[in-house]
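*Asks:* Fold the following and give me the result.
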Amino acid sequence: MNFDIQSDKIISESFLNIGKMTFLEAAHFVQNMDYKRNLDKNNMLAVLNDNFGTCSTKHALLKRLADENQKFDFQLILGIFKMNADNAPQIKEVLEQHQLDYIPEAHNYLKLNHQILDFTSRTWRKENFESQLLKEIEIQPEQITHFKVKYHQNFLKDWLDQHPEIPYSMDEIWKIREDCILALSK
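*Replies:* Residues are numbered from 1 along each chain as shown. The predicted model follows:
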């Protein structure tokens, strides 16, 4: 899974300039950054400029790094999983307040040879969500913005349609989801 960074393109050069010579050094550097939303997800260097990021921005950056170095076997994955109090204890109160066992959440990570590589944070591990995966698709780094949100919202609409016992509208469930994300970032 590891490789030497040899490209002279912008992301590779940015990592080399801070002394990260291999993919794993770069990945662990990103993994150790705080989990926080970047203001400009369209800026491919947002994670390095801001010194923080989310699963989306961190893994899009690492996918681009792999691509710059001709390592096209790395896939950027958009997975939908059951986010619950077991795999995300910080959201327990939010879920209890709304009488939900879980909420489907979108999560980005990399895959290489069918193996999940998750560099979201120091504490977040694939074991947190792997057994709770509902769906996975491969995306491109530029799809972490509008496409990801639309895909997630469409998934939630279908989920609500399949679970009429859940008494929330799409807008309400999205607000609950935002409250969960806020709880995760604290």
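
*Asks:* drop to CA atoms for contacts and neighbour counts, all remaining ones
*Replies:* Fine.

*Asks:* Now do the contacts for the residue minimising distance to the centre of the chain.
*Replies:* Taking Cα atoms, centre = their mean, the centroid of the chain lies closest to Cys55, which sits 2.6 Å from it. Cys55 sits next to Tyr35, His107, Asn108, Tyr109, Phe119, Thr120 when contact means Cα atoms under 8 Å, 6 or more residues apart in numbering.

*Asks:* what do you get for Asn2?
*Replies:* Asn2 makes contact with Thr22, Phe23, Leu24, according to Cα under 8 Å, 6+ apart.

*Asks:* Now do it, the pLDDT please.
*Replies:* As predicted, Asn2 sits at a pLDDT of 96.

*Asks:* That one looks like it's in a helix, true?
*Replies:* No: Asn2: not assigned to a helix; according to DSSP: H, G, I helix; E, B strand; the rest coil it is coil.

*Asks:* Tell me how far it lies from Ala60.
*Replies:* From Asn2 across to Ala60, the span is 17 Å (Cα to Cα, to the nearest Å).

*Asks:* for this structure, longest helix please?
*Replies:* Longest helix in the chain by number of residues (criterion: DSSP state H): helix 146-162.

*Asks:* Just the buried ones from the contacts of Cys55?
*Replies:* Buried residues within the contacts of Cys55, defined by neighbour count using 16 or more other Cα atoms under 10 Å: Tyr35, His107, Asn108, Tyr109, Phe119, Thr120.

*Asks:* Grab the nearest non-local neighbour of Ile144.
*Replies:* Ser56 (5.9 Å; Cα to Cα, 6 or more residues apart in numbering).

*Asks:* and if you look at Ala106?
*Replies:* Closest residue to Ala106 apart from its sequence neighbours, by Cα to Cα, 6+ apart: Ile80 at 4.5 Å.

*Asks:* Tell me the secondary structure at the one you found.
*Replies:* Using three-state DSSP, the structure places Ile80 in strand.
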